[in-house]
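J.: Quick one: sequence plus predicted model below, questions after.
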Amino acid sequence: MDFKKLARRLILADGLITDREVEALKTEIYADKLIDAEELEFLIDLRLSARGAVCPAFEQLFFHILKRVILNDGRVSADETTLLRRVLLSDQVVGADERKFLRELMHEAHSVAPEFKVLYDECVGSPEYSRD
């Protein structure tokens with residue numbers, strides 16, 4: 001049995017990600033004190049599948065984990081930028097939370113790939129992607 005598929009179906013059964021489901025996700029994700037790429041991909045899949053029907057607690061958890069994984073080595077690489085582009089531009093708009101996240105990455109990273117600088121300029125410096 002594929003427990004991730006089952007968990008995804010159960011969490012998204014009503015099309016929403018609720019505070020209660022976020023608490024269950026936190027318990028499982030932080031159980032081993034490690035966050036790996038597979039767990040991040042699971043959260044990305046949930047976020048993209050829910051398409052905006054997520055509670056603020058999920059967004060907070062999502063961006064916290066995404067930042068931890070990306071800044072694990074202190075830098076934002078070209079490959080990580082590809083991931084960010086897939087996640088942040090999936091709906092062709094970049095909201096305030098996503099722009100804030102990009103600013104935090106830029107500020108906290110010791111170094112960033114040129115590709116990240118391009119993404120940053122597109123999303124933070126250009127109103128065409130903005131939804132607010």
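T.: Done, it's in.
J.: T27: helix or strand, and which one exactly?
T.: Using DSSP states H and E, T27 sits in helix 19-29.
J.: Tell me the first helix or strand C-terminal of that helix.
T.: Once the chain leaves helix 19-29, the next helix or strand it forms, by DSSP H and E, is helix 37-50.
J.: Just the residues contacting the helix or strand following that next one, thanks.
T.: Sequence order places helix 56-70 as the next helix or strand after helix 37-50, per DSSP H and E. If you take Cβ atoms under 8 Å, 6 or more residues apart in numbering as the criterion, helix 56-70 is touched by 17, 19, 21-23, 25-26, 29, 35, 37, 39-40, 43, 46-47, 50, 54, 76, 80, 83-84, 87, 97, 101, 104-105, 108. Heads up, the C-betas are built off the backbone N, CA and C, glycines and all.
J.: Just the buried residues from these, in ChimeraX please.
T.: Restricted to buried positions by 16 or more other Cβ atoms under 10 Å, the ChimeraX selection for those reads:
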select :17,21,22,25,29,35,39,40,43,46,47,50,54,76,80,83,84,87,101,105
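J.: hang on, the earlier thing: what does the average pLDDT come to for the helix holding T27?
T.: When pLDDT is averaged along helix 19-29, the result is 91.
J.: now do stretch 72-89
T.: Summarised as a single mean, pLDDT over stretch 72-89 is 95.
J.: can you check stretch 104-122 too?
T.: Stretch 104-122 shows an average pLDDT of 96 in the prediction.
J.: What is the end-to-end distance of it?
T.: Start-to-end span of stretch 104-122 (Cα to Cα, to the nearest Å) is 16 Å.
J.: which other residues reach it?
T.: Identification of contacts with stretch 104-122 by Cβ under 8 Å, 6+ apart yields 67, 70-71, 74-78, 80-82, 84-85, 88, 102, 124, 129.
J.: Which residues are in contact with D79?
T.: If you count contacts by Cβ under 8 Å, 6+ apart, D79 has none.
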